[in-house]
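*Asks:* how would this look folded up:
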Amino acid sequence: MNRNETQESNVLSTQRSRKSARRGGALVLSLVTLVSVAGLAAALLAVTQHRQRENVAGVENSKARYLAEAGLSASIAAVRSGQAASFGSDKAPVAFGGGSYWTSAVDNGDGTFTVQSFAGHNGRDVGLEAILVGQTEGVYSSALFAGNSSGDPLYDLSFGGAGKSADLVDGNVYSGGNVVVKGDATITGDIRAAGTISGDSGMTSKPLPIPDIAGMKYESNHDYDVAALFATATYSSVGGCGGKAWQLPKDNPAHIFRKNPDDRTKNTSTTAKDDYFLEDPFGTITSSSKIDPASASKIHLSGVDGMPGPNGNNAVYYIDGNLWVHNLSAYSFTFSNSKGTPTAITLVVRGNIYISDNILYQPGEHDGLALIAIKDEKEKDSGNIFFGDPTFGTLERMDSFMYAENDFYDTNLSASGSATVTVNGNMTAGNQVKINRDFDGAHSKLTVNFDDRLMSEDLTLPGLPSSGGGATTTWTVASWREIPAN
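*Replies:* The predicted model follows:
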């Protein structure tokens, strides 16, 4: 091989070596890339599988928590209904929703319950615990109750006055807003408020349930429908009640009312419904200003004490309209019975109640009267109780248990005749008590003497909720937390 051939051979060999090197480098790069991609794929698969496991675990945890919540809710509902509140056991749980739960409810003896619920679903376990606080409140369990159903954050239930004019409440007081005690006002019982208490001490931030006496459905549950009975009334001036009005004969249980008397149109001209006045045209109307049952105008129930007709005692009278205790001649009214039979009646008014004259029990400790004002959904101005004579200010004393689904208002309590007003019974408002007793630098004294006979069950009035005049224990969830699963 000559020199030229040798050089050409070397060149070709070098070129082949370079091509081989390039092919080898590409192979290595391909292998590195393949390994990298495989690693990334494996890592991605691992992440995906981990996330899938996390998702599965999360789903199972959620399902277990839902089961625990279902069990807790069931136990809480059972406590509130007074039934057995524990379901299943750790050895025999309740099967539900593809998993299971068991609960326990323990009465702590201090007005609280501890409720626990444990649940499992596909190997995931969750435990929950709730503390329930019992709150007892009824239609007639406080001397003065203002539920503040409107939720007004600025509402103040106020008491005031100085010296002999200072307000006095002998019993418990509750406000769904705030309580303000000023001057020499005295409250002998417990003060409770959903908001704040100023001027005295008590329990705050503890809302109480508003009694649902309207839930008694009095439009169906009553003994006498007064408006229906007045379908047979005649327009008459018989008796000494004053003016002409729609009246019923003495053997009709509703004869103790007169409808739309023409001598009081000044007072009734602005009301939206018919107006019924509690006064007996067959009784005695007296003009004595002495605050004493013996001097009061008499109301006689049918079928009692020799009166004709069905028994009007121990009965619920339902009035679709307004009720007035207001006569131009009388100062006071009392349900009279010469034989001493106790009077126990409930007057339910689907409208407003206006109290201008005194309502007095006969001597003794057996009479009882409930006055209930419930709302008419068609009338915005309804479900209220008004205190005070619109003209003369003669109201001084009310012996009765009173419930207003809406509000209590005052009418002319600043007049000299109403310088003091005493309630022997109680006042319960679903919304607010708006008795404004300050006038011209003076204060009209309000005294509420709580009558506990309904709560103690020494007195039973017809048509009222059972268990101490409507007292019920409402169990409120005070705390809720997750606990280790057993």
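*Asks:* which residue is nearest the middle of this protein?
*Replies:* residue 210 (1.7 Å; Cα atoms, centre = their mean).
*Asks:* got a list of what the closest residue to it other than its chain neighbours touches?
*Replies:* Excluding its sequence neighbours, the residue lying closest to residue 210 (Cβ to Cβ, 6 or more residues apart in numbering) is residue 147, at 3.7 Å. C-beta here means a position set from N, CA and C on the backbone, and glycine is covered the same way. Counting by Cβ atoms under 8 Å, 6 or more residues apart in numbering, residue 147 touches 174, 176, 208, 210, 211, 428, 429, 430, 431.
*Asks:* Would you map the helices across this protein?
*Replies:* Remark: helices assigned in the chain by DSSP state H are 3-81, 226-229, 265-268, 453-456, 467-470.
*Asks:* got the domain boundaries for this structure?
*Replies:* Under automatic domain parsing, the residue ranges defining each domain of the chain are 3-134+475-483, 144-470.
*Asks:* any idea which of the ones you listed scores lowest on pLDDT?
*Replies:* Lowest mean pLDDT of the domains of the chain: domain 3-134+475-483, a mean of 75.
*Asks:* related to what we said a few turns ago, and the domains of the chain, which is most packed in?
*Replies:* By mean neighbour count, with neighbours taken as mean count of other Cβ atoms under 10 Å, domain 144-470 ranks first of those at a mean of 19.
*Asks:* Can you give me the distance of residue 164 to residue 182?
*Replies:* Between residue 164 and residue 182 the computed distance is 16 Å (Cβ to Cβ, to the nearest Å).
*Asks:* actually residue 333, sorry about that
*Replies:* Going from residue 333 to residue 182 by Cβ to Cβ gives 34 Å.
*Asks:* Ok, residue 311 next?
*Replies:* Applying Cβ to Cβ, the value for residue 311 to residue 182 is 48 Å.
*Asks:* Residue 104 bridge partners, please.
*Replies:* Using DSSP bridges, the bridge partners assigned to residue 104 are residue 116.
*Asks:* Surely it touches residue 116?
*Replies:* Yes: Residue 104 lies in contact with residue 116 (Cβ atoms under 8 Å); the separation is 5.1 Å.
*Asks:* so residue 124 sits right up against residue 68, yeah?
*Replies:* No: taking contacts as Cβ under 8 Å, residue 124 lies outside contact range of residue 68: 10.5 Å.
*Asks:* Pairing-wise in the sheet, spell out the partners of the nearest residue to residue 343 once chain neighbours are set aside.
*Replies:* Closest residue to residue 343 apart from its sequence neighbours, by Cβ to Cβ, 6+ apart: residue 335 at 4.0 Å. Beta bridges link residue 335 to residue 299, judged by DSSP bridges.
*Asks:* which residues touch residue 335?
*Replies:* For residue 335, the contact set (Cβ under 8 Å, 6+ apart) comprises 299, 300, 301, 343, 345, 361, 362, 367, 369.
*Asks:* repeat for residue 201
*Replies:* Going by Cβ under 8 Å, 6+ apart, residue 201 touches residue 191.
*Asks:* ok, back up a step: the residue nearest to residue 210 and residue 98, how far apart?
*Replies:* With the distance defined as Cβ to Cβ, residue 147 ends up 44 Å from residue 98.
*Asks:* ok, back up a step: for my notes, please list the contacts of residue 335 in JSON lines and give distance to residue 293 for each entry.
*Replies:* Formatted as JSON lines, these follow (distance: Cβ to Cβ, whole Å):
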{"residue": "299", "distance to residue 293": "11"}
{"residue": "300", "distance to residue 293": "14"}
{"residue": "301", "distance to residue 293": "15"}
{"residue": "343", "distance to residue 293": "11"}
{"residue": "345", "distance to residue 293": "16"}
{"residue": "361", "distance to residue 293": "7"}
{"residue": "362", "distance to residue 293": "5"}
{"residue": "367", "distance to residue 293": "9"}
{"residue": "369", "distance to residue 293": "13"}
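*Asks:* ok, so of the residues you listed, who is nearest residue 354?
*Replies:* residue 369 (15.7 Å; Cβ to Cβ).
*Asks:* can you tell me how far the residue lying closest to that closest one once chain neighbours are set aside sits from residue 232?
*Replies:* Distance criterion Cβ to Cβ, 6+ apart; nearest residue to residue 369, sequence neighbours excluded, is residue 400 at 4.4 Å. Per Cβ to Cβ, residue 400 is found 29 Å from residue 232.
*Asks:* For the longest strand along the chain, list the C-alpha coordinates in CSV.
*Replies:* Longest strand in the chain, counting residues (DSSP state E): strand 124-137. Provided in CSV are the C-alpha atoms of strand 124-137 (Å, rounded to 0.1, in the frame of the first residue of the first chain):
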residue,chain,number,x,y,z
ARG,A,124,-61.7,4.7,59.8
ASP,A,125,-63.0,5.8,63.3
VAL,A,126,-64.2,9.1,64.6
GLY,A,127,-65.4,10.2,68.0
LEU,A,128,-67.5,13.3,68.8
GLU,A,129,-68.7,14.8,72.1
ALA,A,130,-71.4,17.5,72.9
ILE,A,131,-72.2,19.1,76.2
LEU,A,132,-75.9,20.0,76.6
VAL,A,133,-77.2,22.7,79.0
GLY,A,134,-80.7,22.5,80.2
GLN,A,135,-82.7,25.7,80.3
THR,A,136,-86.2,25.6,81.9
GLU,A,137,-88.7,28.2,81.0
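*Asks:* starting at the chain centroid, how far to that strand?
*Replies:* Between the centre of strand 124-137 and the centre of its chain there are 21 Å (Cα atoms, centre = their mean, to the nearest Å).
*Asks:* One more: stretch 199-215?
*Replies:* Relative to its parent chain, stretch 199-215 has a centroid offset of 8 Å by Cα atoms, centre = their mean.
*Asks:* Could I get the CA-only coordinates of that stretch as PDB?
*Replies:* Provided in PDB are the C-alpha atoms of stretch 199-215 (Å, rounded to 0.1, in the frame of the first residue of the first chain):
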ATOM      1  CA  GLY A 199     -77.400  48.200  87.700                       C
ATOM      2  CA  ASP A 200     -77.700  44.700  89.100                       C
ATOM      3  CA  SER A 201     -76.200  41.200  88.800                       C
ATOM      4  CA  GLY A 202     -77.400  38.100  87.000                       C
ATOM      5  CA  MET A 203     -76.800  35.600  84.300                       C
ATOM      6  CA  THR A 204     -76.000  37.000  80.800                       C
ATOM      7  CA  SER A 205     -75.600  35.500  77.300                       C
ATOM      8  CA  LYS A 206     -78.000  32.800  78.100                       C
ATOM      9  CA  PRO A 207     -81.000  33.100  75.700                       C
ATOM     10  CA  LEU A 208     -84.100  31.300  76.800                       C
ATOM     11  CA  PRO A 209     -86.700  29.700  74.500                       C
ATOM     12  CA  ILE A 210     -89.800  31.900  73.900                       C
ATOM     13  CA  PRO A 211     -92.900  30.000  75.100                       C
ATOM     14  CA  ASP A 212     -95.000  28.900  72.100                       C
ATOM     15  CA  ILE A 213     -98.400  29.200  73.700                       C
ATOM     16  CA  ALA A 214     -99.800  30.100  70.200                       C
ATOM     17  CA  GLY A 215     -98.800  26.500  69.300                       C
END
